[in-house]
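In: Build me a model from this:
(one chain, ligands or ions: 1)
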Amino acid sequence: MSVLAILGGQWGDEGKGKVIDWLASQADVVARYQGGANAGHTVVVDGNQYILHLIPTGILHGGVKCIIGSGVVVDPLALVEEIEYLRSVGIEIGENLVLGKRAHLIMPYHKVLDSHMEELLGINRIGTTGRGIGPAYSDKAARLGVRISDLFDEKILTERIRVSLAIKKRLLGDIELSENEAQALDEAHVLDVCSQVRKTLGPHVRNTDAEINDALNGNKKILLEGAQGILLDLDMGTYPYVTSSNTGVGGAMSGLGLPYRRLNTVFGIMKAYCTRVGQGPFPSEMGEVEAGLLREEGGEFGATTGRPRRCGWFDAVAARHCIQVAGMDAIAVTKLDVLDNQETIRVCVGYEFEGERVTIFPAETSILEQCKPVYTEFPGWMSSTGGVRDYDALPPRAKDYIRGLEELTDRPVWLISTGPSRDDTICIHNPFDGDGMRGN
Ligand code: IMP
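Out: I've put the predicted structure just below:
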């Protein structure tokens, strides 16, 4: 078995970074396929915390090739900063980092558009991370994007930026821009940003579809690193409160040029409860007092923006939707220890809408917004599971909770995370062992 996809099974922030880091020691290649520096993967190794935004988590393991694939939108300044930060803390970045020629660039003007779009949306704003993700993907779809390969052809680069900027200026019309924003729309400034990053990024730029193909032919173990989660997927998520990429398997196939038959296992990562950042429906959201306690307990603040995350109970309806549309074979349950002090743990098993019971995740965001959660309750274990590494050492009630999640999601739990450190992991079944595809 060689290709394992790691996807978020909620609204992002499920702890994918920790799980990918744990699995990366067994991988030859770790590849990001969508999203950009809106992601924040937090990994703790030997007491040191690393937050990665663009570079695949495998970079913390020597000898693992890390690919930033064609479907990613790359903020070049953020990438250079991340490379410099990792080098400064002793992480080797050389041949092991590969940046796709086809990947699109997030330009300074995309961030200006992101913030003004949010402002114009007013109460309908999405609550984006402000990293220019939506405008960069919009440009890609509108064929106005600038790609990594363009960085190395000055004539083409200048032309693409000129055309794109002319349209942006028309779109922004008479909106008043700050000095910094005006600079972000200045052709010379944008070209200057491009020339600043060329030297650092140049040695890493390669054809990543060819790299993936070579890895497949060489029977290498490939880990696909999803960012965000299925509920933020552009098609399958809670539109319009989503990110602008396909966070699931489809995104991985198209974002890396990976033939679908080569995918062996889809592993969904879900927190033992739910969180969400930004606007949008969240049926199992807790009241502010309860959420506040859980937020502190779980350190639920955005790794990219520092925003407090909204907190709620595990939502089995949403989980089943993610499992179904992404074809998840099994799941990891992360942050189990965060529930250690809960006397009673609730799980949302259905919704109520206009007096009717709903068990299918609604496509209409307006309906989802009105859905009331129907809960089942599990007694809390009220003892520490922090750092437990052996399933049998879990308190019986924690095991009951895990079994309950397995029943409600109809998927086996293969990994349980009991703390931020790499080793605070219970492995029930190694996702790299054996083929997980069951024809879902
Ligand atoms: P964007 O991806 O910055 O356009 O933001 C769109 C929505 O996705 C907002 O609600 C963000 O808070 C959310 N989002 C984007 N990236 C992440 C992430 O890595 N974790 C959690 N939420 C995210």
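In: wait, isn't residue 221 in contact with residue 433?
Out: No: Residue 221 is beyond contact range of residue 433, at 11.1 Å (criterion: Cβ atoms under 8 Å). (Each C-beta comes from the backbone N, C-alpha and C, glycine too.)
In: Compare neighbour counts for these two and give me the winner.
Out: residue 221 (19 against 12; other Cβ atoms under 10 Å).
In: so what's the more buried one up against?
Out: 2, 4, 26, 27, 28, 29, 432 (Cβ atoms under 8 Å, 6 or more residues apart in numbering).
In: which residue sits closest to the first one, ignoring its sequence neighbours?
Out: On the basis of Cβ to Cβ, 6 or more residues apart in numbering, the spatially nearest residue to residue 2 that is not a chain neighbour turns out to be residue 221, at 5.3 Å.
In: ok, that neighbour to residue 264 distance?
Out: 10 Å (Cβ to Cβ, to the nearest Å).
In: Need the residues touching each of those two.
Out: Jointly contacting residue 221 and residue 264 under the rule Cβ under 8 Å, 6+ apart are 2, 4.
In: distance of the residue nearest to residue 2 from residue 243?
Out: Per Cβ to Cβ, residue 221 is found 28 Å from residue 243.
In: which residues touch the nearest residue to residue 74 once chain neighbours are set aside?
Out: Once flanking residues are discounted, residue 74 sits nearest to residue 103: 5.1 Å by Cβ to Cβ, 6+ apart. Shown in contact with residue 103 (Cβ under 8 Å, 6+ apart): 68, 69, 70, 71, 72, 73, 74, 147, 148, 208.
In: let's go with 10 Å and repeat that
Out: Contacts for residue 103 were tallied using Cβ atoms under 10 Å, 6 or more residues apart in numbering; they are 32-33, 36, 68-74, 140, 145, 147-149, 205, 208, 255.
In: So which of these belong to helices?
Out: 140, 208, 255 (DSSP state H).
In: any idea how far stretch 151-169 is from the chain center?
Out: 29 Å (Cα atoms, centre = their mean, to the nearest Å).
In: so the closest residue to the ligand within the stretch 201-350 of the chain is in which element?
Out: Taking Cβ to the nearest ligand atom, the ligand has its nearest neighbour within the stretch 201-350 of the chain at residue 278, 2.2 Å off. Assigning secondary structure by DSSP states H and E places residue 278 outside every helix and strand.
In: Then the one 5 residues further on?
Out: Taking DSSP H and E as the definition, residue 283 sits outside all helices and strands.
In: same question, residue 333
Out: strand 330-334.
In: Off-centre distance for that strand?
Out: That offset, for strand 330-334, works out to 15 Å (Cα atoms, centre = their mean).
In: if we can go back for a sec, count the residues that sit near the closest residue to the residue of the stretch 201-350 of the chain closest to the ligand other than its chain neighbours.
Out: Leaving aside its chain neighbours, residue 278 sits nearest to residue 127 (2.9 Å; criterion: Cβ to Cβ, 6+ apart). Residues lying near residue 127 (other Cβ under 10 Å) number 16.
In: Three-state assignment for residue 127, please.
Out: Of the three states, residue 127 takes coil under DSSP: H, G, I helix; E, B strand; the rest coil.
In: switch to numbering from 57
Out: New numbering, starting at 57: the last item is residue 183.
In: list the contacts for residue 396?
Out: By Cβ under 10 Å, 6+ apart, the contact list for residue 396 reads 353, 436, 437, 438, 439, 440, 441, 442, 451, 454, 474.
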